[in-house]
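1. what follows is a predicted structure for the sequence shown.
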Amino acid sequence: MIEINHLSKHFAQHKVVDDLSFSVRPGEVLGFLGPNGAGKSTTMKMLTGFLPPSSGSVRIFGFDIQNQTQKAQRKIGYLPEGAPCYGDMRVGSFLDFIASIRGFRGAEKKRRIRQAAAQLELFDVLGQSIETLSKGFKRRVGLAQAILHDPKVLILDEPTDGLDPNQKHQVRALIQSLSHDKIVIISTHILEEVSALCSRALIIAKGRLLADDTPEGLRARSRYHQAVTLRGAQAVDQVALEDLPGVATVEADDAKGSNLCVLAQPGISIFAAVHGLLAQRGWQVQSLHVEQGRLDEVFRSLTKGELQ
Ligand SMILES: Nc1ncnc2c1ncn2[C@@H]1O[C@H](COP(=O)(O)OP(=O)(O)OP(=O)(O)O)[C@@H](O)[C@H]1O
């Protein structure tokens with residue numbers, strides 16, 4: 001369990017984290033979302049004990065990160081933003097060094113290094129110096145050092161930033177496979193990552209908590225929740241759609257107007273009415289589907305006016 005209570009941070013007069021309180025339980029994958037400069041990295045640095053808070057507290061499985069720092073940090077694997085590593089070290093030596101300072105010796109140390117290298121597919125680069133690696137491989141080395149001691153808490157600052165689609169997929173699958181008995185907190189700008197990975201998402205802007213919900217809960221706040229999208233709908237009479245009970249409005253999803261989105265009034269399911277009208281009028285459409293809602297639109301509307 002992680003418990004964050006009234007956490008704040010200011011640099012000089014500038015308050016960048018403003019009274020954050022939340023807790024996270026094992027098994028949860030928490031997405032930390034916010035525009036640039038929202039305070040995500042600063043919060044993660046305070047959760048991991050790299051930066052002291054101006055006020056408030058963080059407890060990691062009961063250990064206060066300020067007063068019982070080492071006990072708390074033993075529970076944590078941390079991938080800082082940009083995955084900084086010692087560039088002039090070779091990958092194998094770097095992992096060996098991390099394993100040593102995590103307290104492993106002998107056969108157990110070798111086993112840990114082998115396992116982390118296998119999980120991140122690093123065997124081919126163990127002899128290569130870190131500064132000569134591609135961005136994706138550097139990040140994999142950063143992830144390997146974060147998981148080497150099998151921590152109960154993984155705090156990952158933009159873990160898939162800069163990775164190609166294959167690597168993104170691989171890292172997400174790894175995070176998912178590790179997550180069942182751990183607490184995972186990831187910061188990301190990538191909204192699809194929240195849908196793919198997270199059981200819960202926090203949205204912050206200017207250091208303040210704006211939303212704490214499941215991805216489904218966030219999508220349900222979208223004006224497109226329960227909207228019906230029609231593809232290839234050239235001959236459809238928009239006014240007739242707008243007049244249906246429960247319909248809020250109709251938007252064209254493209255310039256030609258052949259893709260339409262029929263928005264529902266909050267809490268009303270309009271699929272049956274839209275489908276019924278199409279059948280009654282004999283209008284042909286190529287596809288028809290009900291939207292769960294759009295995370296990007298929810299993110300924009302929540303953070304509107306909060307951008308720095
Ligand atoms: N050491 C520091 N001294 C002064 N200001 C800082 C310091 N570290 C961060 N800041 C400021 O705090 C604010 C929050 O930065 P932070 O890196 O936490 O945001 P973020 O949400 O992680 O942004 P991004 O998505 O761009 O990585 C920014 O305005 C940043 O300039």
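-> Yes, it's here. Residues are numbered from 1 along each chain as shown.
2. tell me which residues in stretch 10-28 are buried?
-> Across stretch 10-28, burial judged by 16 or more other C-beta atoms under 10 Å covers 15, 16, 17, 18, 20, 24, 28. In short, each C-beta sits where N, CA and C put it, glycine included.
3. for it, the distance to its chain's centre please.
-> Relative to its parent chain, stretch 10-28 has a centroid offset of 16 Å by C-alpha atoms, centre = their mean, to the nearest Å.
4. and the strands in the protein?
-> For the chain, the strands defined by DSSP state E cover 2-11, 14-24, 29-33, 55-60, 63-64, 76-79, 153-157, 183-188, 200-205, 208-213, 228-231, 247-252, 260-264, 287-290.
5. parallel or antiparallel, which strands does the last one pair with?
-> Based on DSSP bridges, the strands next to strand 287-290 in the sheet, each with its direction, are strand 228-231 (antiparallel).
6. list the buried ones in the strand it pairs with?
-> 228, 229, 230.
7. helices of the stretch 151-300 of the chain, residue ranges please.
-> Taking DSSP state H, counting those that start in this stretch, the helices of the stretch 151-300 of the chain run over residues 165-178, 191-197, 215-219, 238-242, 271-281, 295-303.
8. how far out from the middle of the chain is the first one?
-> Mean-position distance between helix 165-178 and its chain equals 12 Å (C-alpha atoms, centre = their mean).
9. could you check the angle strand 153-157 makes with that helix?
-> Counting by axes from the mean of the first three to the mean of the last three C-alpha atoms, to 10 degrees, helix 165-178 lies at 160 degrees to strand 153-157.
10. got it, and the last one?
-> The directions of helix 295-303 and strand 153-157 differ by 90 degrees, with the same axes, to 10 degrees as the criterion.
11. which parts of helix 295-303 are buried?
-> 295, 297, 298, 299, 302, 303.
12. and which of the residues you listed is nearest the ligand?
-> residue 303 (11.2 Å; C-beta to the nearest ligand atom).
13. hmm, that closest one is touching residue 203, no?
-> Yes. Counting by C-beta atoms under 8 Å, residue 203 is a contact partner of residue 303 at 6.9 Å.
14. need the residues touching each of these two.
-> 34, 210 (C-beta atoms under 8 Å, 6 or more residues apart in numbering).
15. what residue ranges in the chain score low on pLDDT?
-> 233, 257, 305-308 (pLDDT under 70).
16. near the ligand, which residues of it are found?
-> 11, 16, 34, 36, 37, 38, 39, 40, 41, 42 (C-beta under 6 Å from any ligand atom).
17. just the buried subset of those, please.
-> Buried among the residues of the chain next to the ligand (16+ other C-beta under 10 Å): 16, 34, 38, 39, 40, 41, 42.
18. going by distance to residue 187, which of those residues wins?
-> Nearest to residue 187, judged by C-beta to C-beta, of these is residue 40 at 4.1 Å.
19. partner residues bridging the closest residue to the closest one other than its chain neighbours?
-> Leaving aside its chain neighbours, residue 40 sits nearest to residue 187 (4.1 Å; criterion: C-beta to C-beta, 6 or more residues apart in numbering). Assessed by DSSP bridges, residue 187 has beta-bridge partners residue 32, residue 157.
20. all set, thanks.
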